[in-house]
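**Q** return atomic coordinates for the entry below.
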Amino acid sequence: MDDRFGIYDTLFDPDQIILEADLIYGEAENWLGESELLKLDVYRPRPSADPLPRRPMIFYIHGGGFHGGSKSNAKGKGWAEAFTRRGYVFVAIDYRVGWPIEDTCFADQEDYQRAVYRAAQDTRAAYRYMIEHADDY
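**A** Modelled structure (predicted):
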């Protein structure tokens, strides 16, 4: 790895960035008992703009208290652009969220723990997917 991955050095223009959106990294049952496709987005410099065969990867897991949120939020998209323009691969994942109560302040502790566990399972699955497809990105 070279030393070009500085905090402030922008190497690529926005049109030199590729977004591969909604790649399916798994499928699992959500809290409603329904099958849910698990998706991630991969942002990276175009190979024609950056022939470097391996780059550091930043893994973005959105917030939302395990009850909501999305990989496509504005903050994540801003970070994706900022880091990929510096030469990183940026991966943003969606994971299973939710539990059977609307007011998150009064969620049952067991339901909350199940939501956290599902999110952790999905995060590990996304990591495995990226390891398996590392040569592609």
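
**Q** tell me which residues are up against the longest strand seen in the chain.
**A** In the chain, assigned by DSSP state E, the strand with the most residues is strand 17-29. Residues from elsewhere that reach strand 17-29 (Cβ atoms under 8 Å, 6 or more residues apart in numbering): 35-46, 80-81, 84-85, 93, 96, 118, 121-122, 125-126, 129-130. Quick note: C-beta positions are derived from backbone N, CA and C, even for glycine.

**Q** assign a three-state SS to the residue nearest the centre of the chain, would you?
**A** The centroid of the chain falls nearest to Ala92 when counting by Cα atoms, centre = their mean (1.8 Å). Three-state assignment for Ala92 (DSSP: H, G, I helix; E, B strand; the rest coil): strand.

**Q** sorry, back to before: now the helix or strand just after the longest strand of the chain against strand 17-29, angle please.
**A** From strand 17-29 onward toward the C-terminus, using DSSP states H and E, the following helix or strand is strand 35-45. Angle of strand 35-45 versus strand 17-29, following axes from the mean of the first three to the mean of the last three Cα atoms, to 10 degrees, is 160 degrees.

**Q** name the helices or strands packed onto the helix or strand following strand 35-45?
**A** Downstream of strand 35-45, the next assigned helix or strand under DSSP H and E is strand 57-61. Contacts defined by 3 or more Cβ pairs under 8 Å, 6 or more residues apart in numbering; DSSP states H and E place strand 57-61 against helix 74-84, strand 89-93, helix 109-132.
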